[in-house]
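Enquirer: here is the input, now give the coordinates:
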Amino acid sequence: MGLVVQKYGGSSVADAEGIKRVAKRIVEAKKNGNDVVVVVSAMGDTTDELIDLAEQVSPMPAGRELDMLLTAGERISMALLAMAIKNLGHKAQSFTGSQAGVITDSVHNKARIIDVTPGRIRTALDEGNIAIVAGFQGVSQDKKDITTLGRGGSDTTAVALAAALDAEVCEIYTDVDGVFTADPRVVKKAKKIDWISFEDMLELAASGSKVLLHRCVEYARRYNIPIHVRSSFSGLQGTWVSSEPIEQGDKQVEQAIISGVAHDTSEAKITVVGVPDKPGEAASIFRTIADAEINIDMVVQNVSAASTGLTDISFTLPKAEGRKAIDALEKNRSGIGFDSLRYDDQIGKISLVGAGMKTNPGVTADFFTALSDAGVNIELISTSEIRISVVTRKDDVAEAVRAVHTAFGLDSESDEAVVYGGTGR
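Expert: Next comes the predicted model:
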């Protein structure tokens, strides 16, 4: 008997029929001889609706109280799912994140998991129960406050529980059949990937791929937990994410030269204009940003003007953190010594990811040629050994993704990717 952790997203449990369908799949896994732990997200757009409600009541809701509110969504779906399983004649117990032993730091709205102590989960499994755990939440180690893990936190909850319970696999169920070479909502001819390495998946996730959260993949790599990304709406094999290639039937699945094209339109760009070109200035800028607890992505510094000795530094960050970053920089303006700030939230990022680009000359040239042929102008460029990212206008993103996807031969010849549910909100 093995132990399987399954995670179901909001689109999979969006309504009563969805919950009953998911319950049948869980029971089937139990009948196959597995111990089953299930992590569940809030139903459909519940989290967004709760955030909207909070903002109607208060334009700046306190982090602690917002966490208390948002965790209600997962508690609703976990209880309903446990009821549906019991209705099928099987034992089930539901647990909040804190009851499941998910211990976090004390940062509200984007807490990080410190430890998982799943004693109550093990007891429930030993008693023959299917354990249903509310994703996206935990309890702070110091103050014992309820915390949330940020967007996509249920994926991280599932992998963390899989590691703590020494599970054989963590199955992430979503509204598509696996990880695709591009977002199937944008590229209809995107192809499903049979296997992808942790490294390539980390780059795709960090570059905007919405199938898996970056922290989830990072956690899985650290504890070497294989992830199987599947659709809860079909019985098809999905995408395996692991450290080594897997075997399917009598053939071994190998890593492709290019794994896929990711895009992200949730970022903004800040340009710090007129920065003295001397040691320590960039450090002052990014220390200010770090002290405001803001993560940045791409950074570009222009060559300084010989006549003035001043330069411009641009960086990208989440749109949601834009106002906080501007306020922090303005507060420290005299200390840094810049002239002005420019803010632009109408940008998009396109990334080409693939371990094979390290040993295949011409990938960079082909990437920029594809963008040029599509009439897409580039504003920022960032690279790693297995990724090339550019920033362009938000309105150009969809066309750019399709152009690059086609240029690298990633288009499917026949079957179009299917998106079974979800609003994409």
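
Enquirer: could you use CA atoms for every contact and neighbour count after this?
Expert: Fine.

Enquirer: first to last residue in stretch 119-137, what's the distance?
Expert: 17 Å (CA to CA, to the nearest Å).

Enquirer: which parts of the stretch 101-250 of the chain are strands?
Expert: 102-104, 113-116, 130-134, 137-140, 146-148, 169-174, 195-197, 227-231, 239-242, 247-248 (DSSP state E, counting those that start in this stretch).

Enquirer: and these: which comes nearest residue 323?
Expert: strand 146-148 (22.0 Å; CA to CA).

Enquirer: low-confidence ranges, the stretch 1-150 of the chain, go.
Expert: Scanning the stretch 1-150 of the chain for pLDDT under 70 picks out 1.

Enquirer: would it be right to say that residue 365 lies in a helix?
Expert: Yes: according to DSSP: H, G, I helix; E, B strand; the rest coil, residue 365 belongs to a helix.

Enquirer: contacting residues around it?
Expert: With contact set as CA atoms under 8 Å, 6 or more residues apart in numbering, residue 365 has no partners.

Enquirer: circling back to that earlier point, okay if I get the strands of the stretch 101-250 of the chain as CSV plus distance to residue 55 and mean neighbour count?
Expert: Converted to CSV, these look like this (distance: least, CA to CA, whole Å; neighbours: other CA atoms under 10 Å):
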stretch, distance to residue 55, mean neighbour count
strand 102-104, 25, 26
strand 113-116, 27, 18
strand 130-134, 24, 29
strand 137-140, 20, 29
strand 146-148, 17, 30
strand 169-174, 28, 25
strand 195-197, 39, 24
strand 227-231, 33, 25
strand 239-242, 37, 24
strand 247-248, 49, 10
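
Enquirer: dump the ones you listed into TSV; add distance to residue 399 as well.
Expert: Shown next, in TSV, are the strands of the stretch 101-250 of the chain (distance: least, CA to CA, whole Å):
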stretch	distance to residue 399
strand 102-104	40
strand 113-116	38
strand 130-134	38
strand 137-140	37
strand 146-148	35
strand 169-174	25
strand 195-197	25
strand 227-231	27
strand 239-242	26
strand 247-248	34
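
Enquirer: residue 217 and residue 206, how far apart?
Expert: With CA to CA as the criterion, residue 217 and residue 206 are 10 Å apart.

Enquirer: returning to what we had before: can you tell which of the strands of the stretch 101-250 of the chain is closest to residue 80?
Expert: Nearest to residue 80, of all the strands of the stretch 101-250 of the chain, is strand 130-134, at 10.0 Å by CA to CA.

Enquirer: and the pLDDT at residue 362?
Expert: Here, the pLDDT recorded for residue 362 equals 88.

Enquirer: what's it sitting at in phi/psi?
Expert: phi 100, psi -10 (degrees, to the nearest 10).

Enquirer: mind checking how far it is from residue 60?
Expert: Taking CA to CA as the measure, residue 362 falls 49 Å from residue 60.

Enquirer: what's the neighbour count on residue 190?
Expert: 27 (other CA atoms under 10 Å).

Enquirer: let me redo that: residue 245
Expert: Residue 245, neighbours per other CA under 10 Å, totals 16.

Enquirer: got it, and residue 373?
Expert: Neighbour number of residue 373 under other CA under 10 Å is 11.

Enquirer: show the contacting residues for it.
Expert: Counting by CA under 8 Å, 6+ apart, residue 373 has no contacts.

Enquirer: residue 119: how many residues sit nearby?
Expert: Residue 119, neighbours per other CA under 10 Å, totals 12.

Enquirer: is it true that it touches residue 98?
Expert: No: contact criterion CA atoms under 8 Å: residue 119 and residue 98 do not qualify, at 11.4 Å.
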